[in-house]
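> sequence unknown, structure follows:
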């Protein structure tokens, strides 16, 4: 799995001009599922984002997690995180999971996020969405399940 995590002061997702999800302070997370990803992969990345210390403490140091600040999550599926642009001019998405596997792992990841008790808003899997956010910092972190500590 690949995640693009952005610390935000607010974020929303819109479909056909209608806002379907919005959050205040927290993380906007673009979620890409790759071939071979499993529920275990989702569990590992969920643990990672819940404990990333990217929010300011009382000394303005990035030392607090989203759990500690009681922040919210905006989750948006995005297969294009698996774009391979090394050859030619048209991206290849062969590294992305099939739609059925991607939906299963994404839905599992969303359920895991909701189980934390944090506020969670989501896009719609495979929909044409517009995402708006105010990146706080800016802080943007790329996470890839390949190479994560076991």
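In hand now; what should we look at? These figures come from a predicted structure and were not determined experimentally.
> what residue ranges in this structure score low on pLDDT?
149-150 (pLDDT under 70).
> Can you tell me which residue is spatially central in it?
residue 29 (2.3 Å; C-alpha atoms, centre = their mean).
> gap between the helix or strand where it lies and the chain center?
Using DSSP states H and E, residue 29 sits within strand 26-32. Relative to its chain's centre, strand 26-32 lies at 2 Å (C-alpha atoms, centre = their mean, to the nearest Å).
> Am I right that residue 105 is in contact with residue 41?
Yes: Residue 105 lies in contact with residue 41 (C-beta atoms under 8 Å); the separation is 7.0 Å. Where C-beta positions appear, they are placed from N, C-alpha and C, glycine not excepted.
> The two: which is more packed in?
residue 105 (23 against 19; other C-beta atoms under 10 Å).
> For the closest residue to the more buried one other than its chain neighbours, which residues are in contact?
Among residues not flanking residue 105 along the chain, residue 33 sits closest, at 4.6 Å (C-beta to C-beta, 6 or more residues apart in numbering). Going by C-beta atoms under 8 Å, 6 or more residues apart in numbering, residue 33 touches 1, 77, 79, 96, 97, 101, 102, 105, 106.
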